[in-house]
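Colleague: need coordinates for the below:
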Amino acid sequence: MSRSYTYFYFDLKLKSPSETALETGLDRYAEDTYMAAEFFNQRFQGIKKITILEVEGIAVRLMLVYERSTPEKVTAKELTVFSRYLYNERGWDKFTKEPTKLFIPTKIVPMEWHEAHFTITADFERDPDDELIQRYPSLWPDWADFGFEPEDDVVVSCEEDDDLSSYEEELSDEQLIAVLNSILATQNMGSHKAKEAKKSVIKQIKKLITPWAIYG
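Modeller: Okay, the predicted model is just below:
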């Protein structure tokens, strides 16, 4: 895995949605965003790339990955070419009341590789075998396969008596904090099932630690 890769989750929404956008939503125009992502990735090949995660309502969710150096400050301006393509080439000017301006970011979350990979495969349930990916390869980026090519045959055991008692001991305090921060930061991301699962975990953790917060 290249150590130079850096990952950012973006939640975008239309800055000034038109009546058309509010009435129809962007869902049915998801394929436009795939085209825009392919154009963007070709334009910045070897530098940065994006992967569309979801188009819903007036929101677009995506992953931005830098393959070389990362700007000191990551903002939505990094996606200008993507936005302009939608506006100029796919007719998305009909979705905004403010000329030449489409999106504003509502969330930008830096991620480690494993968090980005989990976001694509679990939160948004992306299947690399989906035939849509044959037309739009950016929907399953090359970095999503990092670390998943075993050198030898791997034996997987799912026996009911497998010992998991040491799992808690293997998780360091630093790792625990990182996992909790990740769950909190991404609790509103992904499928309905993923969101509910994370909110349930947060609720359980709060229930466990509230007495310590109150009584010390």
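
Colleague: which stretches of this structure aren't confidently modelled?
Modeller: For the chain, applying pLDDT under 70 flags the ranges 1-3, 147-172, 174-175, 190-193, 211-216.

Colleague: I'd like the C-alpha coordinates of the biggest helix by length in it written as PDB, please.
Modeller: The helix that spans the most residues within the chain, counting by DSSP state H, is helix 192-215. C-alpha atoms of helix 192-215 as PDB (Å, rounded to 0.1, in the frame of the first residue of the first chain):
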ATOM      1  CA  HIS A 192     -29.800   3.000   6.900                       C
ATOM      2  CA  LYS A 193     -28.600  -0.300   8.400                       C
ATOM      3  CA  ALA A 194     -25.100   1.000   8.900                       C
ATOM      4  CA  LYS A 195     -26.300   4.300  10.500                       C
ATOM      5  CA  GLU A 196     -28.600   2.400  12.900                       C
ATOM      6  CA  ALA A 197     -25.800   0.000  13.900                       C
ATOM      7  CA  LYS A 198     -23.400   2.800  14.700                       C
ATOM      8  CA  LYS A 199     -26.000   4.800  16.600                       C
ATOM      9  CA  SER A 200     -26.800   1.700  18.600                       C
ATOM     10  CA  VAL A 201     -23.100   1.300  19.500                       C
ATOM     11  CA  ILE A 202     -22.800   4.900  20.500                       C
ATOM     12  CA  LYS A 203     -26.000   4.600  22.700                       C
ATOM     13  CA  GLN A 204     -24.600   1.500  24.400                       C
ATOM     14  CA  ILE A 205     -21.200   3.200  25.100                       C
ATOM     15  CA  LYS A 206     -22.900   6.300  26.500                       C
ATOM     16  CA  LYS A 207     -24.900   4.100  28.800                       C
ATOM     17  CA  LEU A 208     -21.800   2.400  30.100                       C
ATOM     18  CA  ILE A 209     -19.700   5.500  30.700                       C
ATOM     19  CA  THR A 210     -22.300   7.900  31.900                       C
ATOM     20  CA  PRO A 211     -22.000   6.800  35.600                       C
ATOM     21  CA  TRP A 212     -18.200   7.400  35.400                       C
ATOM     22  CA  ALA A 213     -18.800  10.900  33.900                       C
ATOM     23  CA  ILE A 214     -21.200  11.800  36.700                       C
ATOM     24  CA  TYR A 215     -19.600  10.100  39.700                       C
END
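
Colleague: and that helix, what's buried?
Modeller: Neighbour-count burial for helix 192-215, counted by 16 or more other C-beta atoms under 10 Å, picks out 194, 197, 198. Where C-beta positions appear, they are placed from N, C-alpha and C, glycine not excepted.

Colleague: CSV for those residues, including distance to residue 94?
Modeller: Below are the buried residues of helix 192-215 laid out as CSV (distance: C-beta to C-beta, whole Å):
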residue, distance to residue 94
194, 32
197, 37
198, 35
